[in-house]
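Chemist: Quick one, structure for this:
(one chain, ligands or ions: 1)
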Amino acid sequence: MEEKIAIQGIEGSFHHQVAREYFGLDVLVEECMSFGEVVKSLTTGQSQKAVMAIENSIAGSILPNYALIDENNLKIIGEHYIPIQMNLMAVPGRKIEDIKKVFSHPMALLQCKEFFSNYPHIRLVEDADTASVAKRISENNSQHSAAVASQTAAELFGLEILASGIHTIKSNTTRFLVLSATEENRSRQISPNKASIKFVMESRHGSLVSALNILRDFNLDMTKIQSVPVIEMPWKYAFFIDVIFDEPERFVRAMEILEVMTEELKILGTYQNGLEALASVPASASVAKK
Ligand SMILES: O=C(O)C(=O)C[C@]1(C(=O)O)C=C[C@@H](O)C=C1
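Modeler: Next comes the predicted model:
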């Protein structure tokens with residue numbers, strides 16, 4: 001059976017771009033219209049792996065995705081970063097003054113807030129993904145609506161770009177996780193140098209600092225810490241932490257100690273640090289047309 005990769009969005013979305021860069025140009029994707037659907041596709045075995053955005057350098061973390069990964073016991077088997085270039089597009093011949101509504105994925109709209117503050121006559125409407133709104137505007141020949149999406153989406157669906165590079169900070173980057181329902185389903189057998197963990201601690205003076213000191217003692221370099229509320233227990237938090245390391249044995253030893261110190265410790269996955277690969281990608285790289 002050919003391996004299927006669940007993505008949020010359709011062909012021409014940023015998730016699609018990631019799937020093609022990570023798995024190869026002829027990757028077989030399962031298009032899902034929400035992150036919940038992506039997870040369902042994995043847990044029901046419809047897809048073997050998935051790509052899921054987790055944070056953006058302008059808009060921040062996608063917190064519900066941490067909960068989805070955790071609650072469904074998904075494994076993080078890789079990560080991939082891409083530079084994100086946002087463009088405003090409409091059917092050919094339209095001007096920005098003609099546009100009354102702009103549709104896109106919520107994270108995409110957040111990344112362009114500053115641009116739209118100059119156009120108060122435009123209403124921003126959240127939608128499933130960047131590419132599907134571009135497709136719909138094209139199919140309906142909408143005269144007063146526009147989409148925020150990639151240049152690839154404009155090319156795929158025959159739209160004209162009214163303004164390019166409209167994201168607030170030019171070095172806009174999104175980090176995506178590669179997920180699987182089982183640990184065995186790894187795609188790359190290279191030894192891991194990054195890990196994502198989650199822990200919950202008793203809330204007492206200095207408990208988080210003691211846990212972080214263990215990471216430091218074992219030379220684990222923390223690249224991210226995210227607190228997420230524990231839903232059943234108001235004002236209690238789970239900490240999601242990413243670390244990079246040179247020696248996997250040090251990671252294993254640190255986890256043995258953290259296991260004892262915490263109420264709950266979960267290793268969400270060990271994988272290859274994707275930032276090293278980003279350094280070699282040109283800023284304008286995008287999905288080639290099929
Ligand atoms: O709508 C898309 O094209 C997506 O792939 C979704 C998504 C996201 O989930 O953050 C991906 C990257 C960008 O940061 C904006 C939107």
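
Chemist: Give me the contacts around the strand or helix carrying residue 40.
Modeler: Using DSSP states H and E, residue 40 maps to helix 35-43. With C-beta atoms under 8 Å, 6 or more residues apart in numbering as the test, helix 35-43 has contacts from 6-8, 30, 32, 46-50, 52, 62, 64-65, 68, 72, 74, 179-181. Using the backbone N, CA and C atoms, a C-beta is placed for each residue, glycine as well.

Chemist: Up against the ligand, what does the chain have?
Modeler: With C-beta under 6 Å from any ligand atom as the criterion, the chain comes near the ligand at residues 8-9, 13-15, 53, 56, 84, 105, 107-108, 129-131, 174.

Chemist: so what's residue 56 bridging to?
Modeler: Beta bridges link residue 56 to residue 60, residue 174 when assigned by DSSP bridges.

Chemist: and it, how many neighbours does it have?
Modeler: 20 (other C-beta atoms under 10 Å).

Chemist: likewise residue 243?
Modeler: Neighbours around residue 243, by other C-beta under 10 Å: 22.

Chemist: so what's it up against?
Modeler: For residue 243, counting by C-beta under 8 Å, 6+ apart, the contacting residues are 194-195, 197, 215, 220-223, 251.

Chemist: Quick check: it vs residue 216, distance?
Modeler: Distance, residue 243 to residue 216, using C-beta to C-beta, to the nearest Å: 10 Å.

Chemist: Is there a quick PyMOL command that grabs whichever of the contacts of residue 243 are buried?
Modeler: The following PyMOL line selects those of the contacts of residue 243 that are buried, judged by 16 or more other C-beta atoms under 10 Å:
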select buried, resi 194+195+197+215+220+251
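
Chemist: Which of the contacts of residue 243 sits closest to the ligand?
Modeler: residue 223 (18.7 Å; C-beta to the nearest ligand atom).

Chemist: hang on, the closest one is in a helix, isn't it?
Modeler: No. Under DSSP: H, G, I helix; E, B strand; the rest coil, residue 223 sits outside any helix and is assigned strand.

Chemist: For it, give me its contacts.
Modeler: So residue 223 contacts 194, 242-244 (C-beta under 8 Å, 6+ apart).
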